[in-house]
Structures are given as C-alpha cells and as structure tokens.
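>>> Using only what follows, build the 3D model:
(chains A and B)
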Amino acid sequence: MLASILASGLAVGAVYALIGVTYNTMFSTSRVMSFTAGQLGMLGGVFGSLFLVRLGFPVIPALIATLACCAVVGVVTEILAVRPVLKSLDQHLYVLSTLALALMLQQLTAIEWSTEPQPFPKIFGIGSGVFDEKFWLPIVACAATLIGLEFLYRRTLIGHAFVAIAEDNFAARALGLPERNLRMASYALAAAIGGLAGFAGGQLLLAFVANGPLLNFYGFVPVALGGLGNNRGAVVGGFALGLFQQAANFLVGGIFSSVAVFVMFIIVLLAAPQGLFGSSSARRV
Amino acid sequence: MRITRREFTKGTAAAAGAAAFGLASPAIAQSGPIRIGWLAALTGASSAPAIGFDRGVKFATDTINAAGGIKGRKIEIITRDTQGDPTKAVNATQEMISQLKVDAVWGPTNSGESLAITPIMARAKMPNVHPCVIDSLIDPAKFPNAFRIAPSNTQWDDAVRSYTLKILKAKKVAVIGDTTGYGVAALNASVAGLKKDGAEVVYQANIDATQPDMTPDMLRAKNAGAEAIVVWSTSTGMDARLFNTRAHMGWDVAFVGHPSMSSGEIGALIEKPTNWEKVYAVGYRSCSYDAGGKLPPHSEEFVAKLKGKIELKDTLLWWVAGGYDAVTLVAKAFQEGAGSHEDIIKYWNGVKNYPGYFGEYTFSPTEHNGYPGKDVVMSDASTAKDGTFRLAPGYA
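Numbers count the residues shown, from 1 in each chain, chains lettered A, B, ... in the order given. This is a model prediction of the structure:
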C-alpha cells in the first residue's frame, strides 16, 4: 500500500506541481492568475493523444507539436484574456476573462475531441508495477522543468529580462525592455509547461476533457501552499498535495479524500496565509 | 379589410363560445402528413444514442411511406437538434407545440432534457414517447401523455441485482458509483435493493470519475471480501481504470452494472483485452446473441431488413430498433383511427404486447413503463458485434 501511495501520489503531485509552475510563470510577468492553466494541462494530454495515436507521429515530433500548440494557446490567452484587462488589475477582471476563455477551450475540446477519455499510449515502455512509466514520467518532467527554469532565469539574458519584469514592471520598461513581447513569451513558456504536464501525465490521466477543471483546481493548491510566484514552493506543495491526496484515498476513500485535502489546505493557509514558502510583503502606510 | 366594431364583437363572442364548448382544444389535421416531432441530440457531447435512434426513425419513416403511408397519409418527421441542452430542448418543444402543431413527439433521448420538457408536454397534452431512464419521468397521474419504451433505472437495477445474486450467486457485494448526481442516486438505490434481497454490501463508494488510480477502492473492496462489484457510472474512463486495476491486483472478481461498461471506447482504454473479461453490462434480450451467434428470431428479421440500408457497426441495435418502434407506435395509433392527441394517448393506454423490434411493449392507464423487465438482461461487455452483445453466461 505504501508503495502505491508513493508512486501514484508523487506522479499526480508532479502534474499538480507543473500546473502550479504554469500559474506562477504566467503570474510573474503579468500579475494575473490565469485560470487557463489547468486547461493547458488537459490540452497537453489531448494534443499528445492526437499526435501520437490519431496522427501516428513519433514521440519527439509529437511532443514538440504538443508544446507548440499549447504555446499558441498561451499567446492567445495573453492577447484575448489578459492584455485587455491589465489596465484595471485592481478590479480583478482577469478572473472573469481567463475563466471565460478556459470555459471556451473546454467546450471546444469537448465538441472537437470527445467528452469521453481517450487513450494515451506508452512512450518508452520502461518499468512495471509501481515503477511503471506512467508514475515516473511526470516526476522526470517536473524535475527537468524546474532545472530548465532555474537555468533560464539565472543564466540567460531573456531569463534575466523575465525576472526584471516580474520584479518591477515599470522600472524594466523604463530600461527599455520590451514588456509586451516578454509577457507574450512568458505566456507561451507557461503554456508549454502546462502542455508538458498533460503530456507526461497522459498515461495516468488519459486524454480527457474533464481533466481541465480538475487541474485548474488542484494545480492552484500548490501555488497557494508554496507561495505565489515561488516555483520551488509550488513543486514542494504539488508533491505534498499528491501524496496527501493519495494517502487520503487509501485511508478514507472516495469523495471524503477531497474533503480531507481541502481541510488540510485551509488549515495550512490559516497557519501561513502567505504560503509555506512565501514571504509576507510589506505595505506602505 | 375594415373590421367594424359589431363584427369584432361577434367574432370575439364566437371565439369565447367555441372555447367554452371545448372546440379550442388541439385538433389534428385529418388530411396531409402525420407530423412527428423528433427531439434529438444529434450533435454535441451525448449525440451517439440520438444518431442511432435517428437511423431507426428514418428507416421506419421510409418503410411506411414507401408502402403508401397510413391510410394514404405520409409520415413527416420534424427534427430539432437539441445538442443535449435542456434549454434548446425546451425551445424546440414549445415550437413543436405552438407553431409546428405536431401530432406526437418522440424524444428527447437523455433524461436531463426530458426532465425539462416533460411538464411542458404534459400541460399541452402532447403525446410523448421517449427512451429516458429516470424513474420520475413516468407518472401517469402527473404526466398522462408520457410513455416510455425503454427500461427505467429501476428495471436496470433489478436486472443487475438479479444477475449478481441469482446467477453469479454472490453474497458479499461491493457497489461503486461515480460522484455525479446519477452515480450517487443509482448507488443508493442499488445498495438498498441488494440489502433488501439479503445481500451483504461489504463496500460502497462514490469515486470521482477523473481519479487516476482506482487501487485504493479496489483494495478496500477486496479486503472486505467482495464476490462481485456492481458499478453505476457513465464514465468509460473510470470503468477502464477499474478493469485495469483488477488485472494489476490479480483479482478475478466480476463487474456487473451500467451499460457504459460495454462501450466500444473501453477497448482503447484497457491495457489488455483480457482485462475486459468477466464484465457484465446491462443489455437487452432482443439485442443479445446466443453462444451460436444468433439473435432472437424477431431481431434477426429486423437485422435482415436493415441489411445494406442501415449501418450497425458504429451504433447499437437497440437504439436503431427503439427509433423504429417509436415511429411505428405513432403510426399504429393513426392506423387504429386516432384523430386527436387524446385519441393517440387513449390508444397507447390500451397497447398490450405490441411487437416492437426492441421490445414487446404493454401500457395501461396506470402504467406507462412499456418495456418488459424480463427482457433486461446482462451482456458480456466485451463482445460487441454489429451493435449487439453476447448474452452473459447463466441465462437460459
């Protein structure tokens, strides 16, 4: 039982963590919580299944095509749902605009793809039992993403530009950074990370339109637990959520496991409102 | 034309008088085509059943019209695509009642839409025949115009319980449903029925259909000593995960339950074809073939009629047969002299052992569930062949 909890919990946790990173990456350059993050995870599975199963692409081209398609969705999100409401961030209109776009993406997928889960094939065919590929692949994808992002933010010029925009938007613009293009690039990057979550977790979650709301919801929890904008916190929060959820599935089962997860979530937020790894911000008075 | 005040007063008085004497009640044209409204979710999320029913509707219409119609009157089907949306179904129903003035309505084909339109149809006294399973849709006192030609949820439950207890001879049963309203209600009804019949329900759970790993629930069911698992879910993904998990656990417990377990989509979701064995889903005797691959003679006759005209590979025979039967039930009412909505309802109330291709229907003024419960049987879920299934083992 312990092995099952660990294998399944860490795998699902890795997917949640990647969706949390998607939220954070979008947030960093726009100060917007885009509720399309979960839908991008769903689309990663759907595009993956489309390219691998229906169109018969080899794995690498299928992965590239999936990430590219998700990146396009990310750019569209920035243009349609984020940019028009940036001027009135304090009114939180982005909640409505990004939720509306998320709903449209879900409906479109249901109509054009299927409302029933579709198969997602084995990619490498390595491992069985608790070491099955469907369990370790999301974890590997999560680790690779985190390392890649650290490298991007610390060692590359465009990464420094992202950080500059995230730190102080006005100052970065005053220095001549192309804020709009960088924001679009960060949305494309975030969407590709969301797509990777769906692709790597495809064998576990299947290519299923109902995964969108699920990932939107559970992907947000690591962000809140780990602290907004903190990718390492999101990863720790994601794994903790996955493990706790799976343990609750075994111990209390069924719908009660969701109750257990959100009781834990509320308790953590009561104890640390800024998240476990977030720092409380000073407010000028 | 100029209308004088005197003419207007006369006309108003005449209209009021006609209404007082009942002359304003819906009358059916005695010439011209017989108009049947068809509320079909032909596109959208749950379109597969309606597409199958539609093939039967068209086949019945073409057959009747090619033979000269009913007393010289052709059948005209007026279809409205509701897309599975109750709001669209309500709008289409209003249109059929108020503007199109159809003679009877067939459909809709899912319970969500039917819940929305059934009271509207009842107010208009519109003869309505449908295949939706929710029990409350049929109530001759509240909805004297509504007739069901498919099994109710209770009949499904009876068949599942009977197979589990009498044929599989399971005494300890686990019951699993999804977390939808349907899954919760069906699970509760199933558990109550099993307990009433003396079974021990050793485990029951509602599981979110998107839950990626079914091991926890399957493990608990196994540890509780379940000898059969009854499943009430429309989610093929959840079904396939349950079957795959059973295989990983090396357990050979039988699954019995909802028809979705025999959906063709499961074939692509299971890891090995053997994972789909010992799975028995609700089916119908008229659409089940025996060990020799033969359907009942009446069904063989229907399939022979359809051959080369209607595709069965991508649909279910009962959908096609149900659509066919619905049209012929309306047509038969006119054949027997129906001239108004009331006449059609009166005729249907007297139908006894009507030999449809999906089932042999019997209605009465107090019973509008026309499908015979004895013909609801279990199918061997993985044996689909041209829209039919092999009868599950154990039936005579």
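>>> Give me every residue in the stretch 51-200 of chain A lying close to chain B.
For the stretch 51-200 of chain A, the contact set with chain B under CB under 8 Å from any CB of the partner chain comprises A:110-111, A:115-119, A:129. (C-beta placed from N, C-alpha, C; glycine too.)
>>> If we use 10 Å, what do you get?
A:53, A:107, A:110-111, A:114-122, A:128-129, A:132, A:134-135 (CB under 10 Å from any CB of the partner chain).
>>> Give me the nearest residue to the closest residue to chain B within the stretch 51-200 of chain A, chain neighbours excluded.
Closest to chain B within the stretch 51-200 of chain A is residue A:117: 3.3 Å, counting by CB to the nearest CB. In this structure, residue A:117 finds its nearest non-sequential neighbour in residue B:237, 3.3 Å apart by CB to CB, 6 or more residues apart in numbering or on different chains.
>>> What residues does that neighbour make contact with?
Listed by CB atoms under 10 Å, 6 or more residues apart in numbering or on different chains, the contact set of residue B:237 reads A:116-119, A:205-208, A:210-211, B:178, B:209-212, B:260, B:265-266, B:269.
>>> These in helices, which ones?
Those of the contacts of residue B:237 mapping onto helices are A:205, A:211, B:266, B:269, per DSSP state H.
>>> Give me the number of neighbouring residues for residue 117.
No chain in the question, so chain A it is. 28 (other CB atoms under 10 Å in any protein chain shown).
>>> was after chain B, sorry
28.
>>> In which helix or strand does residue B:36 reside?
strand B:34-40 (DSSP states H and E).
>>> Was I right to think residue B:318 contacts residue B:109?
No - using CB atoms under 10 Å, residue B:318 makes no contact with residue B:109, being 11.9 Å away.
>>> what's the overlap in contacts for these two?
With CB under 10 Å, 6+ apart, residue B:318 and residue B:109 have common neighbours B:49, B:52-53, B:131, B:150.
>>> Can you flag which of those belong to helices?
B:49, B:52-53.
>>> The closest residue to residue B:225 other than its chain neighbours: how many residues sit nearby?
Using CB to CB, 6+ apart and skipping the chain neighbours, the partner closest in space to residue B:225 is residue B:172 (5.0 Å). Applying other CB under 10 Å, we find 15 residues neighbouring residue B:172.
>>> Tell me the spacing between residue B:172 and chain A.
Distance, residue B:172 to chain A, using CB to the nearest CB, to the nearest Å: 18 Å.
>>> Might you report the residue contacts of that residue?
Contacts of residue B:172 (CB under 10 Å, 6+ apart): B:199-203, B:221, B:224-228.
>>> Same check on residue A:201?
Here residue A:201 is in contact with A:11-12, A:14-16, A:18-19, A:41, A:44-45, A:48, A:120, A:134-135, A:137-138, A:141-142, A:211, A:215, B:212 (CB under 10 Å, 6+ apart).
>>> cutoff 6 Å now
For residue A:201, the contacting residues are A:15, A:138, by CB atoms under 6 Å, 6 or more residues apart in numbering or on different chains.
>>> How about the one 3 residues further on?
Residue A:204 makes contact with A:11, A:134, B:212 under the criterion CB under 6 Å, 6+ apart.
>>> now with 7 Å?
Neighbouring residues of residue A:204 by CB atoms under 7 Å, 6 or more residues apart in numbering or on different chains: A:11-12, A:134, A:138, B:212.
>>> ok so, going back, run me through the strand neighbours of the strand holding residue B:36, direction for each.
strand B:75-81 (parallel), strand B:104-106 (parallel) (DSSP bridges).
>>> and residue 249, how many neighbours?
As the question left the chain open, I've gone with chain A. Around residue A:249 there are 30 other residues, counting by other CB under 10 Å.
>>> that's the other chain; I wanted chain B
15.
>>> wait, isn't it in contact with residue B:218?
Yes - contact criterion CB atoms under 7 Å: residue B:249 and residue B:218 qualify, at 6.1 Å.
>>> Taking chain B, what residue is nearest to chain A?
Closest point on chain B to chain A, by CB to the nearest CB, is residue B:237, at 3.3 Å.
>>> Let me know whether my guess that that residue is in a helix holds.
Yes - assessed with DSSP: H, G, I helix; E, B strand; the rest coil, residue B:237 lies in a helix.
>>> now it: how far from residue B:293?
30 Å (CB to CB, to the nearest Å).
>>> got the contact list for residue 75?
Going with chain A. Neighbouring residues of residue A:75 by CB under 7 Å, 6+ apart: A:184, A:187-188.
>>> my question was about chain B
B:33-34, B:36, B:61, B:64-65, B:69, B:327, B:331.
>>> What's the ChimeraX line that selects buried ones from these?
To isolate the buried members of these in ChimeraX, using 16 or more other CB atoms under 10 Å in any protein chain shown:
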select /B:33,34,36,61,64,69,327,331
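>>> so which of the contacts of residue B:75 comes closest to residue B:88?
residue B:36 (18.7 Å; CB to CB).
>>> ok so, going back, for the shared contacts of residue B:318 and residue B:109, work out which two are farthest apart.
Longest span within those, CB to CB: B:52 and B:150, 12.3 Å.
>>> what about residue B:129, is that helix, strand or coil?
When classified by three-state DSSP, residue B:129 comes out as strand.
>>> from the middle of its chain, how far away would stretch A:121-129 be?
23 Å (CA atoms, centre = their mean, to the nearest Å).
>>> Just the CA atoms from it would do, formatted as PDB, please.
Taking C-alpha atoms only, stretch A:121-129 is exported to PDB below (Å, rounded to 0.1, in the frame of the first residue of the first chain):
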ATOM      1  CA  PRO A 121       0.000   5.400 -25.300                       C
ATOM      2  CA  LYS A 122       3.100   4.200 -23.500                       C
ATOM      3  CA  ILE A 123       6.000   6.300 -24.700                       C
ATOM      4  CA  PHE A 124       9.100   4.300 -23.600                       C
ATOM      5  CA  GLY A 125       7.600   1.100 -22.300                       C
ATOM      6  CA  ILE A 126      10.000   1.100 -19.400                       C
ATOM      7  CA  GLY A 127       9.100  -0.200 -16.000                       C
ATOM      8  CA  SER A 128       6.100  -2.000 -14.500                       C
ATOM      9  CA  GLY A 129       4.100  -2.100 -11.200                       C
END
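>>> any idea of the mean pLDDT for it?
Average pLDDT, stretch A:121-129: 88.
>>> just stretch B:93-108 next, same as before
96.
>>> try stretch A:198-214
For stretch A:198-214, the per-residue pLDDT averages 94.
>>> How far away from the center of its chain is it?
So, by CA atoms, centre = their mean, the centroid of stretch A:198-214 is 12 Å from its chain's centroid.
>>> Pass me the low-pLDDT residue ranges in the stretch 101-250 of chain B, would you?
Scanning the stretch 101-250 of chain B for pLDDT under 70 picks out nothing.
>>> who in it is up against chain A?
Neighbours of chain A within the stretch 101-250 of chain B, by CB under 7 Å from any CB of the partner chain: B:179, B:205-207, B:209-210, B:212-213, B:215-217, B:220, B:236-237.
>>> Need the buried ones from the residues you listed selected in PyMOL.
Buried residues within those, by 16+ other CB under 10 Å, are selected in PyMOL with:
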select buried, chain B and resi 179+205+206+207+209+210+212+213+215+216+217+220+236+237
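>>> Of all pairs in the residues of the stretch 101-250 of chain B next to chain A, which one is the farthest apart?
So, those by CB to CB: farthest apart are B:220 and B:236, at 22.7 Å.
>>> Flag every buried residue along stretch B:334-342.
Buried residues in stretch B:334-342, counting neighbours by 16+ other CB under 10 Å, are found at B:334, B:338, B:340-342.
>>> could you dump those to JSON lines with pLDDT?
Compiled in JSON lines, these are given as follows (pLDDT from 0 to 100):
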{"residue": "B:334", "pLDDT": "96"}
{"residue": "B:338", "pLDDT": "93"}
{"residue": "B:340", "pLDDT": "94"}
{"residue": "B:341", "pLDDT": "96"}
{"residue": "B:342", "pLDDT": "96"}
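>>> All set now, cheers.
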